[in-house]
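Peer 1: below: sequence and its predicted model.
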Amino acid sequence: MPTDLPNLLTLSRIAAIPLVILLAYAQDGWGDLGACAVFSAAAITDYFDGKIARERQLISAFGRMLDPIADKLLVGAALMLLAGLGHLSLLGLLPAIVILLREILVSGLREYLASLRVGMPVTRLAKWKTGFQMGALGVLLAGDSGAAVLRLDFLPISLLGEAGLWVAAALTLVTGWDYMLSGLRHAEAQDSRDRGTARHPS
């Protein structure tokens with residue numbers, strides 16, 4: 001049911017997006033800190049919604065459908081904000097592009113495999129990717145201005161965030177390649193079945 005706690009947590013990630021955008025648009029230290037806090041809280045729900053659903057046996061088709069959508073909307077919005085507001089260097093844009101393209105790739109693969117009634121389970125490496133990705137995006141949303149508010153401006157916050165984004169992008173390439181190979185195997189198997197059906201119609 002949409003009103004189950006895991007699904008409400010998933011919906012909260014989508015609801016957090018406009019607030020993250022409004023806070024980031026303030027373009028000051030407190031706004032950046034607020035955007036980081038809201039984004040980080042929303043990202044943490046990605047862990048708890050699945051955990052609660054499994055423990056309480058509240059796994060639903062609605063949740064399975066919405067969970068990856070909420071994740072991609074939150075990540076996509078954060079990446080666009082960081083790029084649009086100039087929180088990424090030219091080099092930092094590269095891992096952001098890789099991550100965004102991977103999200104589009106995986107969405108397409110999931111849609112295709114769903115038509116074959118084949119699931120695409122999340123791997124342990126993909127979970128590590130998500131952890132680095134969410135952590136890096138939160139740090140970048142806070143940025144140097146947020147660090148200055150907390151008197152942590154001696155730390156290279158933007159540099160640390162972009163380093164984390166590069167790690168996430170590297171993991172993104174590995175997991176994206178694995179998903180692509182899985183999709184190709186299923187596509188080839190389906191083509192073989194289709195050719196066999198064409199040769200031997202019932």
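Peer 2: Yep, it's here. Numbering: from 1, shown residues only.
Peer 1: next one: the longest helix along the chain to chain centre, how far?
Peer 2: In the chain, assigned by DSSP state H, the helix with the most residues is helix 157-199. Relative to its chain's centre, helix 157-199 lies at 15 Å (C-alpha atoms, centre = their mean, to the nearest Å).
Peer 1: now for Trp128: which residues touch it?
Peer 2: Leu171 (C-beta atoms under 8 Å, 6 or more residues apart in numbering). From N, CA and C alone the C-beta is placed, and that goes for glycine too.
Peer 1: so what pLDDT did Ile33 get?
Peer 2: Just so we're on the same page, residue 33 is Leu rather than Ile. pLDDT for Leu33: 94.
Peer 1: which element is the nearest residue to it once chain neighbours are set aside on?
Peer 2: Closest residue to Leu33 apart from its sequence neighbours, by C-beta to C-beta, 6 or more residues apart in numbering: Gly146 at 4.2 Å. If you go by DSSP states H and E, Gly146 is part of helix 124-149.
Peer 1: now do the lowest-mean-pLDDT helix or strand in the chain and helix 124-149, the angle between them.
Peer 2: Ranked by mean pLDDT, DSSP states H and E, the weakest helix or strand in the chain is helix 157-199, scoring a mean of 82. On the basis of axes from the mean of the first three to the mean of the last three C-alpha atoms, to 10 degrees, helix 157-199 is oriented at 150 degrees to helix 124-149.
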